[in-house]
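>>> What would the 3D arrangement of this be:
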Amino acid sequence: MKRINFTNTTAQKIYDDYFKRVGRCIKILSADDQLEISMELNSHVYEAIQGAAVQDEIAILVDTLEKLGPPEEVLQPLVAEKKVAQAGRSFNPKHIIQALFLNVNRGAAYFLIALGYLLIISFGSLIIFKLISPSHTGLFVKDGHFYAFGHTSIVPPGASELLGNSFIFIVILLMGLFYFINTMLFRLMNRK
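Next up, the predicted model:
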């Protein structure tokens, strides 16, 4: 990558510091991938400062780097994706472990989202079960202790259902809560 030289020393320092941070973020990748990412970011900076007056170099550079975003946040998904591709090509255990480590947060978030949708569907089915089999669906308590929430094929003697028809309302609230949580997880994952 051809380094951009600025007339203003402050602009040069800002540029160099940003690309040092980029280098730290992508050092885990192959040399080709590092070069590709560095050149792509460098081209954005180069295009932005073309024709800029010397006194505007700092303002344009800072604005451009702010639009690109902090490399530690912006490059993480790209580095993780490229590491997975590298691990798939090389079958090197080191690359596979690095790819798994880089993607564990995303995997955990997707797992939680999938679990949330599974619960939403399950709660929806509980509404149908409550309408079809009201004596076997609800919040059951036996001898002062929680016994079951949902549908049970066997209701033991002495167990009582506490919520009655308000069970449907509670389940709808739970569905809304899990839908809200899933939406927030999606927003957090796709935040830029």
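>>> would you say residue 149 is within a helix?
No: judged by DSSP: H, G, I helix; E, B strand; the rest coil, residue 149 forms no part of a helix; its state is strand.
>>> Verify the stated contact: it with residue 140.
Yes: look at residue 149 against residue 140 with Cβ atoms under 8 Å: they come within range, at 7.5 Å. For glycine as for every other residue, the C-beta is placed from the backbone atoms N, C-alpha and C.
>>> Now do the domain split for the chain, please.
The chain breaks down into these domains under automatic domain parsing: 9-91, 109-189.
>>> May I see the buried residues of stretch 42-51?
By neighbour count with 16 or more other Cβ atoms under 10 Å, stretch 42-51 contains the buried residues 42, 45, 48, 49.
>>> what's residue 133 in contact with, if anything?
By Cβ atoms under 8 Å, 6 or more residues apart in numbering, the contact set of residue 133 is residue 151.
>>> In the protein, what residue spans correspond to helices?
Taking DSSP state H as the test, the helices found in the chain are 9-26, 31-49, 57-68, 71-90, 93-132, 166-189.
>>> is it possible to export the ones you listed to TSV including mean pLDDT and distance to residue 158?
Below are the helices of the chain laid out as TSV (pLDDT from 0 to 100; distance: least, Cβ to Cβ, whole Å):
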stretch	mean pLDDT	distance to residue 158
helix 9-26	93	62
helix 31-49	92	66
helix 57-68	91	66
helix 71-90	84	54
helix 93-132	82	21
helix 166-189	87	20
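>>> Including distance to residue 145, could the ones you listed go into TSV?
Below are the helices of the chain laid out as TSV (distance: least, Cβ to Cβ, whole Å):
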stretch	distance to residue 145
helix 9-26	53
helix 31-49	58
helix 57-68	57
helix 71-90	46
helix 93-132	21
helix 166-189	19
